[in-house]
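**Q** pasting the structure only:
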């Protein structure tokens, strides 16, 4: 059995780096992300996914095939960990009995029946974290937290928690995914970032996904988030055709999550408000 690597180091990267999370079995969104990378002239060796290639939508095999063919760096998410081991659930960290937990039973069962042995081996071999540097800034990419793969860290999560995660990373910048909402927090001279996800909206009332660009500018690094527009109806149709019709099918169109169980009260109050993210420079 192939086991996950604790960490890989990409070394010093020269030029803009594109990062995104949560393809979530959304083939149309993943195709759009690859096309955007091509349009931005960002090669595969400067493109990174923060995990959960497979989740809510109806094309898990096709999405994995696209990501593997793209040959980009991928952090092992909790979904890769669970599917790689053919576990009984997705390991997302939802509380038992909540709407999110019940919905996950549906899509995880669907995906678990369709992932090949070869793809499971690929998932098991993915690194738990990826280190690199740009412009002298040390960066670590993880899925949830540095030590907890399914840790939810949201925009309203206490700064002290983000600072602890940065301390554990030991880097200037820590980048995560998992929570699905793009955000950034400056803590002293260091920065905590979340890429957002491309395969499901950010609960902001729009169908768009999100990705993150790190661009060297002089001696600094500019961190800026971009919306990803893609043909949402292709994904909705694929889910209907597969019989995978649930709250996530509606969320693709509405931009609103089917449950807010995992969110704090502060983040719940932002539901349906289109995100506007300012650039961070470090």
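**A** Arrived safely. Computed from a predicted model, the values in this text were never measured in an experiment.

**Q** residue ranges with poor pLDDT in the stretch 101-250 of the chain?
**A** 101-103 (pLDDT under 70).

**Q** contacting residues for the nearest residue to residue 182 once chain neighbours are set aside?
**A** Distances taken as C-beta to C-beta, 6 or more residues apart in numbering place residue 196 nearest to residue 182, at 3.0 Å, with adjacent residues excluded. (Each C-beta comes from the backbone N, C-alpha and C, glycine too.) Residues in contact with residue 196 (C-beta atoms under 8 Å, 6 or more residues apart in numbering) are 20-22, 177, 180-182, 202, 209-212, 225.

**Q** Including distance to residue 14, could the residues you listed go into a markdown table?
**A** Below are these laid out as a markdown table (distance: C-beta to C-beta, whole Å):
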| residue | distance to residue 14 |
| --- | --- |
| 20 | 20 |
| 21 | 23 |
| 22 | 27 |
| 177 | 24 |
| 180 | 30 |
| 181 | 30 |
| 182 | 25 |
| 202 | 30 |
| 209 | 27 |
| 210 | 25 |
| 211 | 20 |
| 212 | 18 |
| 225 | 22 |
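
**Q** Just the buried residues from those residues, in PyMOL please.
**A** A single PyMOL command selects the buried members of the contacts of residue 196 (16 or more other C-beta atoms under 10 Å):
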select buried, resi 20+21+22+177+180+181+182+202+209+210+211+212+225
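
**Q** ok, of the contacts of residue 196, which one's closest to residue 55?
**A** The nearest member of those to residue 55, counting by C-beta to C-beta, is residue 22 at 6.8 Å.

**Q** For the closest residue to residue 171 other than its chain neighbours, which residues are in contact?
**A** Using C-beta to C-beta, 6+ apart and skipping the chain neighbours, the partner closest in space to residue 171 is residue 138 (4.1 Å). Listed by C-beta under 8 Å, 6+ apart, the contact set of residue 138 reads 131, 170, 171, 172, 173.

**Q** cool, residue 114 as well?
**A** Taking C-beta under 8 Å, 6+ apart as the contact definition, residue 114 lies against 60, 61.

**Q** Check residue 168 too.
**A** Applying C-beta under 8 Å, 6+ apart, the residues contacting residue 168 are 145, 146, 147.

**Q** Equivalent analysis for residue 85, please.
**A** 120, 124.

**Q** same check, this time on residue 10
**A** Residue 10 makes contact with 45, 73, 130, 131, 132 under the criterion C-beta under 8 Å, 6+ apart.

**Q** quick one: the second one and residue 129 touch, right?
**A** If I follow you right, that is residue 73. No: using C-beta atoms under 8 Å, residue 73 is not in contact with residue 129, being 10.8 Å away.

**Q** more neighbours, the two?
**A** Higher neighbour count among residue 73 and residue 129: residue 129, with 25 against 20, using other C-beta atoms under 10 Å.

**Q** Please report phi then psi for that one.
**A** Note on residue 129: backbone dihedrals following degrees, to the nearest 10 are phi -150, psi 160.

**Q** Against residue 71, how distant is it?
**A** To residue 71, residue 129 is 19 Å away according to C-beta to C-beta, to the nearest Å.
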